[in-house]
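Undergrad: Coordinates only, no sequence provided:
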């Protein structure tokens, strides 16, 4: 599944609703409960970041959202042509101090199994790849 | 979209949120939060039973109120947490910072004790 939307917050929820629907179907077919809420939460934070940092106004770019589902994993990729982001340098927040900001990347990393970011260059877009391993509800309960 | 409704239960304020509390809508809630703090309302319950989605910006708004009310010697309690917001609260360990209740009535009762 691939969809391209303007990089603006009001386009986030229509895509999120699609993702939630797909993931809840996977849950219905045996994937662990909560998969949809977690994947959509990660997507929302990633999309939020792009709307805040990727494009300098008045530039209005787009975000490509790609979803691939295999037997054992779900891969969600966001591509943009805006400013690159120092993803790897973002450290986890100290949850003990109840931070009011800086939680987005932590949510993404926590809810997805593997997250990687490749900055783009000429002709190649920035790529945030988020993979979520698909476990059965039974396996998740036994963890 | 976010709808919110404020109700007074004696000294306690109940903020009922419906819809999404996120980067788009959290700024709409900020004036209400500021007003609660400036009027020194120190017993606040968030009724999140109809909150569909929360993101880090929404969490920031609730935590902001929590910290400011705590500085005034009060408390913020959470009622009816469910679905995606519940996942976020659990992940961010907010279920340890806030007292969570199944119903608004239970949360209000706790303020009376």
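TA: Done, it's in. Worth saying up front: this structure is predicted, and the values here are computed from it rather than measured.
Undergrad: What number of residues are in the vicinity of residue B:10?
TA: 9 (other Cβ atoms under 10 Å in any protein chain shown). C-beta coordinates here come from the backbone N, C-alpha and C atoms, glycine included.
Undergrad: host element of residue B:59?
TA: Under the criterion of DSSP states H and E, residue B:59 resides in helix B:56-71.
Undergrad: Dead centre of chain A: give me the residue that sits there.
TA: residue A:43 (3.0 Å; Cα atoms, centre = their mean).
Undergrad: check contacts around it.
TA: Contact analysis of residue A:43 by Cβ atoms under 8 Å, 6 or more residues apart in numbering or on different chains lists A:12, A:15-16, A:19, A:65, A:76, A:78, A:130.
Undergrad: By neighbours, which of these wins?
TA: So for the contacts of residue A:43 (other Cβ under 10 Å), the most neighbours sit at residue A:12, 26 neighbours.
Undergrad: Doesn't that one belong to a strand?
TA: No: read with DSSP: H, G, I helix; E, B strand; the rest coil, residue A:12 is helix and lies in no strand.
Undergrad: following the longest helix seen in chain A, which helix or strand shows up next?
TA: Taking DSSP state H as the assignment, the helix of chain A that covers the most residues is helix A:35-53. Where DSSP H and E defines the elements, the next helix or strand beyond helix A:35-53 is strand A:62-69.
Undergrad: Residue B:20: which element?
TA: Assigned by DSSP H and E, residue B:20 falls in strand B:12-21.
Undergrad: I'd like the next helix or strand past the helix holding residue B:59.
TA: Next helix or strand after helix B:56-71 toward the C-terminus (DSSP H and E): strand B:75-79.
Undergrad: That following strand near chain A at all?
TA: No: if you take Cβ under 8 Å from any Cβ of the partner chain as the test, strand B:75-79 misses chain A, and the best it gets is 11.3 Å.
Undergrad: Now the helix or strand just after that strand: average pLDDT?
TA: Next helix or strand after strand B:75-79 toward the C-terminus (DSSP H and E): helix B:83-91. In this model, helix B:83-91 has a mean pLDDT of 96.
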